[in-house]
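Novice: here are the coordinates; sequence isn't available:
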């Protein structure tokens, strides 16, 4: 909650974005991935932060959680579907609140989602992430 409202963390923004970009190293741990996505959400909701050049890095981390076949998804008891739903919602929120900061961001996101959907070798969980990502971006 402090990350959402603290006006004094601007100097720490590069470090927080670096931490969030570590999603690949914890793809086996859904709880850690969930925490990292919540950190990203807090950063984008903080009205005192100017994300600027960090938007692409945040988008990349969120897309990873939505689209990649995570190591945690091997175990059928792990609910990686909810993580993908949350990542899709967060992707939409980042785009609609900070998309104007990065030119071509919308097409980059759509291309990433389309590429996964068009790849028949990708697993169902990746296709699911792409579909919920498109749904979260809206019908337009």
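Specialist: Now that the structure is in, tell me what you want to look at. Keep in mind the model is a prediction, meaning the values are calculated, not measured. Residues are numbered from 1 along each chain as shown.
Novice: contacts, neighbours, all on C-alpha from now
Specialist: Will do.
Novice: Who's the closest spatial neighbour of the most centrally placed residue in the chain, skipping the chain neighbours?
Specialist: Nearest to the mean C-alpha position of the chain, by Cα atoms, centre = their mean, lies residue 62 at 1.4 Å. Using Cα to Cα, 6 or more residues apart in numbering and skipping the chain neighbours, the partner closest in space to residue 62 is residue 87 (5.5 Å).
Novice: now residue 70
Specialist: Residue 70 sits nearest to residue 27 (Cα to Cα, 6+ apart), 5.3 Å away.
Novice: biggest helix in the chain by residues?
Specialist: helix 80-98 (DSSP state H).
Novice: Give me the residues contacting the helix or strand harbouring residue 41.
Specialist: Element membership of residue 41, judged by DSSP states H and E, is helix 30-45. With contacts defined as Cα atoms under 8 Å, 6 or more residues apart in numbering, helix 30-45 is touched by 1, 3-4, 16-17, 19-20, 23, 26-27, 49, 51, 58, 62, 65, 72, 78, 80, 83, 87, 90, 94, 97.
Novice: repeat that for 7 Å
Specialist: 3-4, 20, 23, 26-27, 58, 72, 80, 83, 90, 94 (Cα atoms under 7 Å, 6 or more residues apart in numbering).
Novice: Narrow those to just the buried residues.
Specialist: Neighbour-count burial (16 or more other Cα atoms under 10 Å) applied to the contacts of helix 30-45 gives 3-4, 20, 23, 27, 58, 72, 80, 83, 90, 94.
Novice: Out of these, which is nearest to residue 112?
Specialist: For these, the residue nearest residue 112 by Cα to Cα is residue 58; the value is 14.4 Å.
Novice: list the contacts for the closest one?
Specialist: Residue 58 makes contact with 17, 21, 40, according to Cα under 7 Å, 6+ apart.
Novice: any weak-confidence spans in the chain?
Specialist: Residues of the chain meeting the criterion pLDDT under 70: none.
Novice: go with 80
Specialist: Along the chain, the model assigns pLDDT under 80 to residues 70-78, 99-103, 139-140.
Novice: need the helices for the chain, in chain order.
Specialist: 2-5, 13-20, 30-45, 55-67, 80-98, 105-118, 124-137.
Novice: List the buried residues in the longest one.
Specialist: Residues 80, 83-95, 98 are the ones in helix 80-98 that count as buried (16+ other Cα under 10 Å).
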